[in-house]
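**Q** sequence? don't have it. structure:
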């Protein structure tokens, strides 16, 4: 059981005082009744509505976004004046404590996982778990067999040694490829190619763990993950 003002603050991404105000205004109903207060409590079996719309209450949410270019993987872009992945979420998806699980560069697109479940995020981002992440890459020039071997053996980037990665061609010219890594070092894929004098022109994350990006999502669009999809990402 949880207080109504606390539930509303979380689900509507508003303050507790704002939650109390909408309750006083009669905009909240619990099991059809508007005779409620901030102190009233609700369980997950109860039906809670705001302005006539039922709130889909969840302990945690897991959102797949097709991240567009020009948006940063952050919760706060005020300092830089840039839009974040949280800013562009649909209003009905916004709630307190959401954050991107992992980062994509400003100009990198594709699968961005957004959640408020810190334990889940730690599990999939922990270096000990090594959840594979797959990207489609477009290069300025063809890569060679030497590049493939370097990726497979664990590329050395200065004093850093990467875990083994895979590099597979997507076209005969070998200017488009699939890259799968098990880490998230700073600009890792771009640096791995730059070592071989190759420039990454386009980079898109298309898969996390065993879950592929939903290609029906246009850039900037997002949807909630289903329970069986979560199991494709979450480690055993």
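**A** Happy to help now that I have it. Here the structure is a predicted model, which means the values were calculated and not measured.
**Q** Is it correct that residue 231 falls within a helix?
**A** Yes - assessed with DSSP: H, G, I helix; E, B strand; the rest coil, residue 231 lies in a helix.
**Q** Report how many residues lie close to residue 64.
**A** 23 (other C-beta atoms under 10 Å). All C-beta spots, glycine's among them, are computed from the backbone N, C-alpha and C.
**Q** Helix, strand, or coil at it?
**A** strand.
**Q** Please report the distance of it from residue 229.
**A** Using C-beta to C-beta, to the nearest Å, residue 64 is found at 8 Å from residue 229.
**Q** One more: residue 152?
**A** Counting by C-beta to C-beta, the gap from residue 152 to residue 229 is 29 Å.
**Q** more crowded one of these two?
**A** The neighbour count for residue 152 versus residue 229, taken as other C-beta under 10 Å, is higher for residue 229 (17 against 12).
**Q** in the sheet, who's paired with the residue lying closest to that one once chain neighbours are set aside?
**A** Nearest non-adjacent residue to residue 229, counting by C-beta to C-beta, 6 or more residues apart in numbering: residue 211, 5.4 Å away. As for beta bridges, residue 211 partners with residue 208 under DSSP bridges.
**Q** Which residues are in contact with residue 211?
**A** 64, 111, 225, 229, 232, 233 (C-beta atoms under 8 Å, 6 or more residues apart in numbering).
**Q** The most centrally placed residue in the chain: helix or strand, and which one exactly?
**A** Centroid-nearest residue in the chain, with C-alpha atoms, centre = their mean: residue 113, separated by 1.6 Å. According to DSSP states H and E, residue 113 maps onto strand 109-115.
**Q** Pairing partners for that strand, with directions?
**A** Counting by DSSP bridges, strand 109-115 is paired with strand 62-67 (antiparallel), strand 99-100 (antiparallel), strand 200-208 (parallel).
**Q** got the buried residues for the last one?
**A** Judged by neighbour count using 16 or more other C-beta atoms under 10 Å, the buried positions of strand 200-208 are 200, 203, 204, 205, 206, 207, 208.
**Q** how far away is the last one from residue 233?
**A** Using C-beta to C-beta, residue 208 is found at 5 Å from residue 233.
**Q** thinking again about what came up before, with distance to residue 161 and mean pLDDT added, can I get the strands paired with strand 109-115 in a markdown table?
**A** A markdown table is the format used below for the strands paired with strand 109-115 (distance: least, C-beta to C-beta, whole Å; pLDDT from 0 to 100):
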| stretch | distance to residue 161 | mean pLDDT |
| --- | --- | --- |
| strand 62-67 | 28 | 97 |
| strand 99-100 | 27 | 95 |
| strand 200-208 | 20 | 98 |
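**Q** Tell me which of those strands lies nearest to residue 182.
**A** strand 200-208 (11.4 Å; C-beta to C-beta).
**Q** still on that earlier bit, any figure for the gap between the residue nearest to residue 229 and residue 120?
**A** Computed as C-beta to C-beta, the residue 211 to residue 120 distance reads 13 Å.
**Q** which residues does residue 131 contact?
**A** 124, 125, 182, 208, 209, 233, 235.
**Q** Can you name the two of these that sit furthest apart?
**A** Greatest spacing in the contacts of residue 131, by C-beta to C-beta: 182 and 233 (13.6 Å).
**Q** And those two? Which one has more around it.
**A** Legend: neighbour count by other C-beta under 10 Å for residue 182 and residue 233, higher for residue 233 (21 against 15).
**Q** The more buried one contacts residue 212, doesn't it?
**A** No - Residue 233 is beyond contact range of residue 212, at 10.7 Å (criterion: C-beta atoms under 8 Å).
**Q** What is the burial count for residue 69?
**A** 14.
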